[in-house]
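>>> Whatever this is, show me its structure:
(2 chains)
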Number of protein chains: 2
Amino acid sequence: MNSSNLIETVIDALRCLPGVGPKSARRIAFHLLERDRDGARKLAQALIGAIDGVGRCQQCRTLSESPVCALCANPQRNRQLLCVVETPVDAQAIERSTAYRGLYFVLMGRLSPLDGIGPAEIGLDQLELRLDSEPPIQEVILATNPTVEGETTAHFISELVRKRNIKVTRIAHGVPLGGELEYVDSSTLSHAFSGRHEI
Amino acid sequence: MNSSNLIETVIDALRCLPGVGPKSARRIAFHLLERDRDGARKLAQALIGAIDGVGRCQQCRTLSESPVCALCANPQRNRQLLCVVETPVDAQAIERSTAYRGLYFVLMGRLSPLDGIGPAEIGLDQLELRLDSEPPIQEVILATNPTVEGETTAHFISELVRKRNIKVTRIAHGVPLGGELEYVDSSTLSHAFSGRHEI
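Model (predicted):
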């Protein structure tokens, strides 16, 4: 039984979702067409709305509907603190979990020369402009992920910041709360003695 | 960091996908907007194309772009054999795996009185019309799933078919190829002695 081309097109298109292979794509396509056309229509409209309406914040590079995102535009935030994260989701996680009241700079990636991602691709020229402008920044907090690329990115940015005599810190990596030392991997454990530390 | 409403709308809309909860929806939404806007746009267009273009085959009830699906319209198929399945995917699986050359009847569900799914919802009136029309059907093969609802549906349809003196068979359920008797559950094993059997 050949399914129609329209259905095959949906199945192919669903492959753009992370973690969806050919079998799940087929299952999802039939689920939507058999049982949830309303949901599928809403999804399509939401996607088109967001693709057309969501750009980048001019200040922090995060995804935003307006030229400057709500957080950068908020006068309550401390403009002398800048937290550098890899993705908007990371910034959201920090917002949810901490009392941080400064601003963010969202790299939208990390340095990865093998993939052709250099300083320009993650907006470091824009970050340098920011560091050199008013109001002066007191502290840059590096909250990139504790992966090889994330650490490299943090190191690279720390050099940029330090040569301007601005304080630069890295969030602490260590034993997660509720974790037991016995079961924590050794590289995590070796990080665990240092808290938030000046680099 | 509040994300924009457009992004939240996408996150909500993604929940229509089977198996996608709030966390995956958020991850997928940011993945699409950060890294794969082309893919997201194609997906939205494919969904809208399929929602508007895909209806039901008048003969077998499967999803189809044309009033009669390619398989029902195919003059090479044996119109005296009718295989009853629950979903279009089941029919595709049979097409891929077997040499069956007859037609299908796709219930698009199964009898489930507790969910309000009765004979009308799975098109049994249409099936009866089909059984009574020309060319006469020689055999109805019941290939619903071996679940409680699937078995009930098969039993219900077998009654409809048998009272017209048409042969009705059920596909065999038993030990899967490569399976070992020792590890097969007892209800599967109890099915395993019967092959395709007349009921």
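>>> got the CA coordinates for the helix or strand harbouring A:Leu127 in PDB?
Element membership for A:Leu127, per DSSP states H and E: helix A:124-132. Provided in PDB are the C-alpha atoms of helix A:124-132 (Å, rounded to 0.1, in the frame of the first residue of the first chain):
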ATOM      1  CA  LEU A 124      32.700  37.300  20.100                       C
ATOM      2  CA  ASP A 125      33.200  40.600  18.200                       C
ATOM      3  CA  GLN A 126      29.900  41.700  19.500                       C
ATOM      4  CA  LEU A 127      30.900  40.600  23.000                       C
ATOM      5  CA  GLU A 128      34.100  42.700  22.700                       C
ATOM      6  CA  LEU A 129      32.100  45.800  21.700                       C
ATOM      7  CA  ARG A 130      29.900  45.200  24.700                       C
ATOM      8  CA  LEU A 131      32.900  44.900  27.100                       C
ATOM      9  CA  ASP A 132      34.200  48.200  25.800                       C
END
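>>> Which elements pack onto the helix or strand just after that helix?
Going down the chain from helix A:124-132, the next helix or strand is strand A:139-142, by DSSP H and E. Packing partners of strand A:139-142 (3 or more C-beta pairs under 8 Å, 6 or more residues apart in numbering or on different chains; DSSP states H and E): strand A:78-85, helix A:148-162, strand A:167-170. For every residue, glycine as well, the C-beta is placed using N, CA and C.
>>> As JSON lines, those with distance to chain B and mean neighbour count would be great.
Listed next are these as JSON lines, based on distance: least, C-beta to the nearest C-beta, whole Å; neighbours: other C-beta atoms under 10 Å in any protein chain shown:
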{"stretch": "strand A:78-85", "distance to chain B": "9", "mean neighbour count": "20"}
{"stretch": "helix A:148-162", "distance to chain B": "15", "mean neighbour count": "17"}
{"stretch": "strand A:167-170", "distance to chain B": "20", "mean neighbour count": "18"}
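>>> Now render the ones you listed as CSV, adding distance to B:Gly150 and mean pLDDT.
Formatted as CSV, the helices and strands packed on strand A:139-142 follow (distance: least, C-beta to C-beta, whole Å; pLDDT from 0 to 100):
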stretch, distance to B:Gly150, mean pLDDT
strand A:78-85, 50, 91
helix A:148-162, 50, 91
strand A:167-170, 58, 88
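>>> quick one: which of these is nearest A:Arg110?
Nearest to A:Arg110, of all those, is helix A:148-162, at 4.3 Å by C-beta to C-beta.
>>> what about stretch A:12-23, start to end distance?
11 Å (C-alpha to C-alpha, to the nearest Å).
>>> How far away from the center of its chain is the longest helix along chain A?
For chain A, the helix reaching the highest residue count under DSSP state H is reported as helix A:37-53. Centre-to-centre, helix A:37-53 and its host chain are 23 Å apart (C-alpha atoms, centre = their mean, to the nearest Å).
>>> following it, which helix or strand comes up?
strand A:55-56.
>>> partners of the helix or strand following that following strand, with directions?
Using DSSP H and E, the next helix or strand after strand A:55-56 towards the C-terminus is strand A:63-64. Neighbouring strands of strand A:63-64 in its sheet, by DSSP bridges, are strand A:55-56 (antiparallel).
>>> neighbouring contacts of the strand it pairs with?
A:Thr62, A:Leu63, A:Ser64, A:Glu65, A:Pro67, A:Met108 (C-beta atoms under 8 Å, 6 or more residues apart in numbering or on different chains).
>>> same thing but at 7 Å, please
A:Leu63, A:Ser64 (C-beta atoms under 7 Å, 6 or more residues apart in numbering or on different chains).
>>> and it, average pLDDT?
Mean per-residue pLDDT for strand A:55-56: 90.
>>> starting at the chain centroid, how far to it?
The answer for strand A:55-56 is 14 Å, by C-alpha atoms, centre = their mean.
>>> now stretch A:12-21
Centroid separation between stretch A:12-21 and its chain, computed with C-alpha atoms, centre = their mean, is 21 Å.
>>> Quick check: end-to-end length of that stretch?
9 Å.
>>> Name the surrounding residues that touch that stretch.
A:25, A:28-29, B:27-28, B:31-32, B:36, B:39-40, B:42-43, B:46.
>>> Check which residues of it are buried.
By 16 or more other C-beta atoms under 10 Å in any protein chain shown, the buried positions in stretch A:12-21 come out as A:Asp12, A:Ala13, A:Leu14, A:Cys16, A:Leu17, A:Val20.
>>> Tell me the spacing between the residue nearest the centre of chain A and A:Pro75.
Nearest to the mean C-alpha position of chain A, by C-alpha atoms, centre = their mean, lies A:Thr87 at 0.7 Å. Taking C-beta to C-beta, to the nearest Å as the measure, A:Thr87 and A:Pro75 are separated by 25 Å.
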